[in-house]
Every structure is written in C-alpha cells, then in structure tokens.
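Trainee: sequence and predicted structure, then a few things I'm wondering about:
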Amino acid sequence: MRAILVALLVATPALLLPSQATATTEIVLMLAILAATLTFIEYTTRYPSLVEFRDAPPINRLRFASLFLMLFFLTVIVNHVIAPTPLSAMVDRLGEIAGQALDFPYSPVHLAILMLPAEESPAVVDMVRRCAGLAYVIQLITIAVFIVLVRITGWPANAGVFNVWINLPLFDPTAGGDVIRRLQRDGQLNIALGALLPFLFPALVTIVSAITGPVMSSSPNVLIWMLSAWGFLPASMIIRGIATLRVAELIEDKRRRAYASAKAMQTA
C-alpha cells in the first residue's frame, strides 16, 4: 500500500494536468515505478538502509501528506489556468490570499518568485506567487502539527520502543563522541538548515540559471516540482531536527534515571 501511494504521489501532476501540458508520460511512469519499488523494498526488508524513522509513526506519514498536498494543490492551481473548475477556483483563491499575504520584500515567497526568468510573463509570475504562498503555508502547518504531536502525545514514546538503529540507519552511535551531544548537534544543524533553505534555494537556482540557462521555466511540471521541493525540503529537515533533538532528550532522560537508580542502590 505504501508503494502504491508513493507511485500515486509521483504521478499526481501528470495525472491531473491535461495531456497537452505533460509531454513526459513515459518518464513519469518510470519514476513512479522506481519510487514504488524502492519503497516496497525499504519497508519489507528486515534491516533498514535509507529511510529514517521507519518504525516511529507518524513522522513519515506526515512528510508524505505534506508533499502530496503540495503537489496536489499546486497542480490544481496550474490546472486552473488551463481548465478552470469550481474546485480549482477555490484552491486558486486560497493561493492568492496566501501569496499576497506572504509576498513582501526578502520573504521566502518573494525570493521564490525571483527564481523565474526576468522576461517571464506577469500571468506566470502571479501563478508562481499563488503556488509559493500555498506551499509555504502547508510547510508551516506541517511543522506546527509535528511540534504538537511531540509535545502532546509524547512522540516517539507513544509509538512503543524506539530503536535507534532501525529509525536512524544513517547515524552511527559508535563513531566516537557522546551520542547525546552528536544527536543534539545533528538536530540543531537540521533545524538551522531547514530554516535557511527557503532563502538559500532560490539563490542556488539563480546561480545555476546564470551558468546553465533558466532552470525555473514556465513548464507546468517543472514549476510544480520545483516549488514543491522548495516547500517540502525545509519542512522535512526541520521535522528531522526536532525528532533528533527529541531522541537525544529521551536518551538523556533514560541515562539520568539509570544513574539515579544506580546511586540509590549504592546508598542502600
């Protein structure tokens, strides 16, 4: 089921956009099959490889929902220009409100608009403003929902025993140094990079465009995926940082209780 949902996520823009707006059906199909295969292998194998927090829901479910909502709503907004419907008009209006509210000098949404070529038409610029505004709102909501889950439900303690090796396969606890400090440093770094990424991403795209030519074109698929990546990656990194800090907090609490218990036994 996870593999099918991931394949559907990859194919969402191509499925919703009119056929004349997508000329890469074969590539999308291949990527959907590849993503589904990797997901199936990752979640059926006994030993983890790349996917973090595999057995600590709902962190990956929240990430999936966030990316899917971005892709779906951004596709609906782009599709509104091509084939408007009542649903697309409502989503487009939400994007317009979010874009106008968040488009001010040096804001992430304003910088996202600057990724477009200077000669881009006003209609495309306005569409990108609506897409970027809605993507950024979804990003903020995703982070807020995870913070609430951590504080109210006590994640990951509410999901049962947390296995560091399975849920953090890329983290080597034997690499040297105190595990808690390494986890805290890793979490703080992820939060900092996630907060800066909405500002760094447009700058990177602008630099690449100056070297290789326009990266952010008016192609519907390119716009949707670029803006979805711009909105999703920072949220994913901040969530990972918060989760890593939470794991460090649990390990530190367990170590403190073990020390207090040992001291009490010695005293007795």
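Mentor: Thanks, I have the structure now.
Trainee: and the residue nearest to residue 236 when sequence neighbours are not counted, what is it in contact with?
Mentor: Leaving aside its sequence neighbours, residue 236 sits nearest to residue 63 (Cβ to Cβ, 6 or more residues apart in numbering; 5.6 Å). Where C-beta positions appear, they are placed from N, C-alpha and C, glycine not excepted. Going by Cβ atoms under 8 Å, 6 or more residues apart in numbering, residue 63 touches 142, 232, 235, 236, 239.
Trainee: at 10 Å instead, please
Mentor: Residue 63 makes contact with 52, 53, 142, 146, 232, 235, 236, 239, 240, according to Cβ atoms under 10 Å, 6 or more residues apart in numbering.
Trainee: can I get whichever strand or helix holds it in CSV? Just the C-alpha atoms.
Mentor: Element membership for residue 63, per DSSP states H and E: helix 59-82. What follows is helix 59-82, C-alpha atoms only, in CSV (Å, rounded to 0.1, in the frame of the first residue of the first chain):
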residue,chain,number,x,y,z
ILE,A,59,6.6,11.3,11.1
ASN,A,60,6.9,9.7,7.6
ARG,A,61,3.2,9.8,7.2
LEU,A,62,3.2,13.5,8.0
ARG,A,63,6.0,14.1,5.5
PHE,A,64,4.1,12.1,2.8
ALA,A,65,0.9,14.0,3.5
SER,A,66,2.7,17.3,3.3
LEU,A,67,4.4,16.6,-0.1
PHE,A,68,1.2,15.1,-1.5
LEU,A,69,-0.8,18.2,-0.5
MET,A,70,1.7,20.5,-2.1
LEU,A,71,1.8,18.6,-5.3
PHE,A,72,-2.0,18.3,-5.4
PHE,A,73,-2.8,21.9,-4.6
LEU,A,74,-0.1,23.3,-6.9
THR,A,75,-1.2,21.1,-9.7
VAL,A,76,-4.8,22.3,-9.2
ILE,A,77,-3.6,25.9,-9.3
VAL,A,78,-1.7,25.4,-12.5
ASN,A,79,-4.6,23.4,-14.0
HIS,A,80,-6.9,26.4,-13.2
VAL,A,81,-5.1,28.4,-15.8
ILE,A,82,-5.6,25.6,-18.4
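Trainee: my guess is residue 236 contacts residue 191, does it?
Mentor: No. The criterion here is Cβ atoms under 10 Å, and residue 236 misses it with residue 191 at 11.6 Å.
Trainee: quickly list what's touching both of these two.
Mentor: residue 143.
Trainee: quick revisit: the residue nearest to residue 236 and residue 232: what is the separation?
Mentor: 8 Å (Cβ to Cβ, to the nearest Å).
Trainee: anything in contact with each of the two?
Mentor: residue 142.
Trainee: dump the residue contacts of residue 250.
Mentor: With Cβ under 10 Å, 6+ apart, residue 250 has these contacts: 154, 155, 156, 157, 162, 164, 180, 183.
Trainee: from residue 167, how far off is it?
Mentor: For residue 250, the distance to residue 167 - Cβ to Cβ - is 12 Å.
Trainee: between those two, which contacts overlap?
Mentor: Counting by Cβ under 10 Å, 6+ apart, the residues touching both residue 250 and residue 167 are residue 156.
Trainee: where in the chain is the helix or strand with the lowest mean pLDDT?
Mentor: Within the chain, confidence by mean pLDDT, DSSP states H and E is lowest for helix 164-167 among all helices and strands, at a mean of 83.
Trainee: alright, I will stop here.
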